[in-house]
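Peer 1: Provide a 3D model corresponding to the input given below.
(2 chains)
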Amino acid sequence: MVWGRRIGALVTVAAVLSAFAGSALGQVSFAGKTVVILVGNPPGGGYDRLGRVVARHLGRHLAGNPTVVVQNMPGAAGVVAANHLYHVARPDGLTLGLFNQNMVFGQLLEVEGLRADMRRWQWVGSVTRETDVFTIRADLPYRHVLDLRRAEPPLAIGATAPGSGSYDFPLVLKAFLKLNVRIVSGYPGRSDIMLAIERRELDGVAGSWSSMKPFAQRGLVRVLVKTPSDNPELRDVPSDVDLAAEPTHKAVLQLHAVPNRIGRPFVLPPGAPADVVRAYREAFRKLADDPAFRAEAERLGFEVVYTSGEQCLRIVEEVLASPPGVVRIFKSFFRFGE
Amino acid sequence: MVEALLDGLLRVLQPNALLYMMLGVFIGFWVGILPGLGGTVTLALMLPFVYGMEPVQAFAFLLGMHSVVATTGDLTSILFGIPGEGLSAALVLDGYAMTKRGEAGRALGANLMSSLIGALVGAAALAASIPVVRPLVLSFGAPELFMLAVMGIAFIASLSGRGARGLARGVAAGALGLLVSSVGQDPQAGILRYTFGQLYLWSGIDIVPAVVGLFALPEILDLMVRRTSIAATAPTEKLTGVWEGVRDCFRHFGLTLRCSLIGAFIGIMPGLGGGVAQWMSYGHAVQSAKTAEERARFGKGDVRGVVGPGAANNSKEGGALIPTVAFGVPGSSAMAVLLGGFFLTGLVPGPDMLTRYLPVTYSMVWTLVLANVVTVALCFPLLPYLARLTTIRATRLVPFLLLLVFVGAYTSNNSWGDILVAVAFGILGYAMVRFGWPRAPLVLGLVLGDIAERYLWISVARYGWDWLGRPGVAVLILLTVSVLLVPFLQEWKQRRAGYAFREAAHAD
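Peer 2: Below is the predicted model:
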């Protein structure tokens, strides 16, 4: 225990010293350090995979080539990890967060339990873009999403927790396209949901295209709807915005698709030093152009598109400044939840 | 299939793969013995090294490392009563009791041998079940998983004490475990439960510090009070009874075999977690006692309490491989990290692994077998030396043990909260031992609480009341009820036997 304290003190001293050295030279050095990417999802899902492939290549683009490791902290759709990074983790730039991209809605809807202000994160940027898709089991007879209005009995759609893409998206579709589906939430992670689909406990699931692609390709699920996207692989799939009839519904769906524009962003806690934030933003910009990273990420099913930290923040502010009328519908539709 | 089996073996025996496996075994050996660095963390750390390796080499490396950690992690449970891995606490009950009696060598020998048998049986069961494993896994839905969790708690609760009073205490301890498991943000809406404004409690009570505190701290306290060595009261010549322990495994070969199968089965079920396997097989070992007197010996150093969990501990690793390979759904946290290895080496987990890539899957099974044989061969010569550690005086040993305990607890979240949890559970554990309450159901409640909660919610949300009518659920309910009735039946039978005996005496 004494040793732990001594080592802790040493680390603190080293961190302070290096921060000084860094600002004096105008560049932060991560030499000999270990950077932790805190992933708000359990191992085995898309966020975890992304975290790990970034961890492998990020170090090269940071001064001093630090070791980068992934730590999973699943729970409440990433809220546990976000709260931890916001309040508990040291803002020394050695812990990056990778959370549920929908978390900004948690703030918009004032979800109890979320204790992080999305406008105060130090947004580092995103290197992947996401399209949300809604899928059903491929052995079900429904070919078009509007066929699900007549689905009998109502299809059971699996989800992890409210606020996650697996929960929100089917809920919007159910409300605006009048689909006869119900949401069953509480699964530990996406992999458990996929297994439940395989054993026919569930009829469908919504999620990012990158995490659903392997299952769609091996014929377990069929993609019925997507959020607006120009991804060529999903050319033949209708988008939810096109299918919605009312203009306010279209506006709400546009709002819902906003997080897809920021992809899966990495953040630093609010107190992170400005030069550290600059170093990371630069590293992520270079990472997105790094051929080795691109090749590997694409092999894992990701669509590599760079979005800068500044852009991420702008999009978040845009969401939080949405017209009250649209937000009201957004909120009311969240209360549709079962 | 036989062809694939042989093909898999040949792939592992290639010099490259074999070399990587030995490297993995070497790393895993040290990680298992040293406190703090868990097997899962080490796997995650080593994962990047598999880039550029062939799938067979990569998995020989990773699995070799992983299977050794499970074996060597047990050593501290037996030697010092400190669970090396958070979930290998079942071995503490009888293993450490044997050590205190001066039979550390025998306990270690029995544990190593049963680990080896468990690994072999688990691998064989795995190889044999590959054709039916998909329907088997798919037949366990949310309602069945919920009932399995309930049955696990009931099973341990009913076996932990004698008679109706023991049962009541066991069930109460299990319920307390369930209650403790509900601390933190709930999985449905993220609402905070019993967190008292403490951020540390948001993610719930971690199992590792809780288990380490519950089992190890009371023993260390006891050692400090006694101020002697662990095996002070025992004659020293029994210390090297390693071969006696090996013979014990074959003396109770049926038990070893059944516990290996229990471990493999629980490993196969995704979502239950490997820690449950050890406890279930410990429960089964207790159950195998025929009379109440025999059963009372458990917890006081019955070798069957070492053989059973030891066997399950390694067979579960083979089982846990299956959901990972066949569905891409990890059966344990270590397997979840291993899943990353699949993507990195370009393999896609799924049905293809059981058909097109079957030899690769079998090569993984073979790796588990070979790595375990190597580990056991490495460990056996060390055992007499390890057993001698138990003759060191308490004043010298205790600081080292405390370091082991607190470093182990602290590394689960790297938070001071972990230390506090360990201490709090240490006090609770001491009180439980003092007043004769069983600790095992508490641990199982804690481990299975989250699973039970999630799957009960899902069962009701998905099926309404209909989930109760599913055949699998009905069978599991019946099993649970009968498990709870066993202590009453035994008491009744004994009373009747006593009555019949008196009758016979009167007739004379």
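
Peer 1: contacts and neighbour counts: CA atoms only from here.
Peer 2: Noted.

Peer 1: so residue B:458 sits in a strand?
Peer 2: No. Under DSSP: H, G, I helix; E, B strand; the rest coil, residue B:458 falls outside any strand and is assigned helix.

Peer 1: quick check: mean pLDDT across stretch A:234-247?
Peer 2: Mean pLDDT, computed over stretch A:234-247, is 90.

Peer 1: Just the CA trace of it, in CSV.
Peer 2: The C-alpha trace of stretch A:234-247 is given here as CSV (Å, rounded to 0.1, in the frame of the first residue of the first chain):
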residue,chain,number,x,y,z
LEU,A,234,-26.8,0.5,-48.5
ARG,A,235,-27.8,2.0,-51.8
ASP,A,236,-31.0,-0.1,-52.1
VAL,A,237,-32.2,0.4,-48.5
PRO,A,238,-34.8,3.2,-47.9
SER,A,239,-34.0,5.9,-45.4
ASP,A,240,-36.3,6.7,-42.5
VAL,A,241,-36.4,10.4,-43.4
ASP,A,242,-37.7,9.5,-46.9
LEU,A,243,-40.4,7.2,-45.5
ALA,A,244,-41.8,9.6,-42.9
ALA,A,245,-44.8,11.5,-44.1
GLU,A,246,-45.1,14.5,-41.9
PRO,A,247,-42.6,17.4,-42.0
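
Peer 1: which residues sit against that stretch?
Peer 2: A:173, A:176-177, A:223-229, A:249-250, A:253-254 (C-alpha atoms under 8 Å, 6 or more residues apart in numbering or on different chains).

Peer 1: try 10 Å this time
Peer 2: For stretch A:234-247, contacts defined as C-alpha atoms under 10 Å, 6 or more residues apart in numbering or on different chains pick out A:131-134, A:144-146, A:169, A:172-173, A:176-178, A:209, A:223-229, A:249-254, A:256-257.

Peer 1: again with stretch B:474-485
Peer 2: Contact with stretch B:474-485 is made by B:144-148, B:150-159, B:163-164, B:167, B:171, B:287, B:467-468, B:471, B:473, B:489, as judged by C-alpha under 10 Å, 6+ apart.

Peer 1: Contacting chain A as well, which ones from the residues you listed?
Peer 2: On the criterion C-alpha under 10 Å from any C-alpha of the partner chain, none of the entries of the contacts of stretch B:474-485 sits beside chain A.

Peer 1: Now the buried members of those.
Peer 2: Those of the contacts of stretch B:474-485 that meet the buried threshold are B:144-148, B:150-159, B:163-164, B:167, B:171, B:287, B:467-468, B:473, by 16 or more other C-alpha atoms under 10 Å in any protein chain shown.

Peer 1: Now the host helix or strand of residue B:488: buried residues?
Peer 2: Secondary structure from DSSP states H and E places residue B:488 in helix B:471-507. Buried positions in helix B:471-507, judged by neighbour count with 16+ other C-alpha under 10 Å: B:472, B:473, B:476, B:477, B:479, B:480, B:483, B:484, B:486, B:487, B:490.

Peer 1: Of the contacts of stretch B:474-485, which belong to helices?
Peer 2: B:144-148, B:150-159, B:163-164, B:167, B:171, B:287, B:471, B:473, B:489 (DSSP state H).

Peer 1: Contacts only, for the residue lying closest to residue B:186 once chain neighbours are set aside.
Peer 2: Among residues not flanking residue B:186 along the chain, residue B:192 sits closest, at 6.5 Å (C-alpha to C-alpha, 6 or more residues apart in numbering or on different chains). Counting by C-alpha under 10 Å, 6+ apart, residue B:192 touches A:112, A:113, B:182, B:183, B:184, B:185, B:186, B:199, B:201, B:202, B:203, B:204.
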